[in-house]
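Asker: Got a sequence here, can you model it:
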Amino acid sequence: MKIISSLFFWLILAFIVGSLIGIYLPISVADTLAPLGTSFIRLIKIFISPIIFLTVATGIAKTGSMKRLGKTALYALIYFEIISTLALLLGWIAAVVFHPGNSMHTNPNQLDAKAVTGFFVSAQHLSVSEFLQNIIPTSIVEPFAKNNMLQVLLLAILFGSALLAINARYAKSLIGGMEKVTQCLFQIIRMIMYASPLGVLGGMAFSTAHFGGHLLIPLFGLIGLFWLTAGIFVAVVLNAVAILSGFSLWRFLKYIFTEIVLVLGTSSSESALPQLMRKLESLGCRKETIGIVIPIGYSFNLDGTNIYMTLAALFIAQSFGIHLTMLESLALFATAMLSSKGAAGVTGSGFITLAATLAVVPTIPLVGIVLILGIDRFMSEARSVVNFIGNGVAGLALSRWQGEVSAAMVQQRLAVSADC
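Answerer: This is a model prediction of the structure:
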């Protein structure tokens, strides 16, 4: 009875039932259920921007000094850059070793660009000047209205820094009020989570109905390679980080497994962001550290997206029989490093950042992203899961390295949760 009453049980059941509906029932049934998935994500996203703003601002204010804030942010950014680069390299190596696109022999003139014209246009806005303009909003409400994560982070950093600078008595009362609002928003998220199985049901029904079957057969190798590469990244790179931080990655994954299922079903790592922050705090991580590291990580630590960027870019080049020069390879890699950093602040980020990356190598036709349009949803799930796990490991590792929680305490709490 305890298992049946758990959210995890209903998420798994919804995942299975949604998949079966998409495979065996008419596509009209899946289309009818699809709004369950999109509506759930939209409902969650209403509260993501306010939660990010409040947690980052209060996290900065509660550090007590700009020196401690700068130290935490610096550690986080250095960590994110190292791990992101490793993710990009792993995707690149997978493409070079296995050559997933070599058997395609695609003629770019036979591809219809109409389906992805919007991505070409959007990709043009990822130039340096447009990227900088995207960071600075035109009004204080724009970041929240558009769910632009980079702009929300900018406002939160400015507001949190101002709280450090003003009279301590005034700041304390403001911080207290903001924390109460944050707790209220977290409670709303917990209430919404009871509807998460419906979101997973609708999302999986739509995915399997529209992108399953014959569309997967010619590109199955790319999907399998991407999932394999993502798995290797978690098992090798993130496991190494966990070992260096003194905790078991596998126990940690079990600890957040319910959230992983939610992310897998909705293809959105944002859907489980509040729960991840709450669970890290339960392990002993300081709220102010998690309030800085996790939200920033959602813009600068997108490990799954980085693997996808280099693997997909080289797959497209290989499918056209294009061999990149060393200079073109370096340009592609450098652009992927830059464009992926703003992915969380751009709608349709996977295709837009991929198109922006391909644009630096004129010999690769941009129309090539049509090749992976039909299977992107299946890679999106892996991207979201790896992004989610990567940020969870980052938050716990950085808290450990700053001495906020001992390895023994983390292991003990993970062991207790595993026995529950």
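
Asker: and the top helix by length along the chain, what other elements does it pack with?
Answerer: Secondary structure assigned by DSSP state H gives helix 27-62 as the longest helix of the chain. On a contact count with 3 or more CB pairs under 8 Å, 6 or more residues apart in numbering; DSSP states H and E, helix 27-62 meets helix 7-24, helix 142-146, helix 149-165, helix 168-193, helix 196-211, helix 257-266, helix 273-282, helix 287-300. In short, each C-beta sits where N, CA and C put it, glycine included.

Asker: Only the buried residues of that helix, if you could.
Answerer: Of the residues in helix 27-62, 30, 33-34, 36-37, 40-41, 44, 47-49, 51-62 count as buried by neighbour count, 16 or more other CB atoms under 10 Å.

Asker: Give the rounded mean pLDDT of it.
Answerer: In this model, helix 27-62 has a mean pLDDT of 79.

Asker: Sketch out the low-pLDDT regions of the stretch 201-350 of the chain for me.
Answerer: 207, 210-219, 338-350 (pLDDT under 70).

Asker: Who are the contact partners of Leu283?
Answerer: Applying CB atoms under 8 Å, 6 or more residues apart in numbering to Leu283 gives the contacts 255, 396, 405, 409-410, 413-414.

Asker: In helices only, show me the residues you listed.
Answerer: Taking DSSP H, the ones among the contacts of Leu283 that sit in helices are 255, 396, 409-410, 413-414.

Asker: Which members of the residues you listed define the maximum pairwise distance?
Answerer: Tyr255 and Met409 (13.7 Å; CB to CB).

Asker: neighbour-wise, which of these two wins?
Answerer: Per other CB atoms under 10 Å, whichever of Tyr255 and Met409 has more neighbours is Tyr255, with 26 against 15.

Asker: isn't that one right up against Leu414?
Answerer: Yes. At 5.6 Å, Tyr255 and Leu414 qualify as touching, with contact defined as CB atoms under 8 Å.

Asker: coming back round to it: the longest helix of the chain: what's the following helix or strand?
Answerer: Once the chain leaves helix 27-62, the next helix or strand it forms, by DSSP states H and E, is helix 66-98.

Asker: roughly how far is that following helix from the heart of the chain?
Answerer: Its chain's average C-alpha position is 14 Å from that of helix 66-98, according to CA atoms, centre = their mean, to the nearest Å.

Asker: Met379 is nearest to which of the helices and strands packed on helix 27-62?
Answerer: Across the helices and strands packed on helix 27-62, closest to Met379 is helix 196-211 (CB to CB), at 10.5 Å.

Asker: Could you export the contacts of Leu283 as TSV, including distance to Ser161?
Answerer: Output for the contacts of Leu283, formatted as TSV (distance: CB to CB, whole Å):
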residue	distance to Ser161
Tyr255	33
Leu396	26
Val405	26
Met409	31
Val410	30
Arg413	32
Leu414	34
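
Asker: in what helix or strand does the residue nearest the centre of the chain lie?
Answerer: Centroid-nearest residue in the chain: Asn387, 3.9 Å away (criterion: CA atoms, centre = their mean). According to DSSP H and E, Asn387 maps onto helix 376-401.

Asker: quick one: that helix to helix 287-300, angle?
Answerer: 150 degrees (axes from the mean of the first three to the mean of the last three CA atoms, to 10 degrees).
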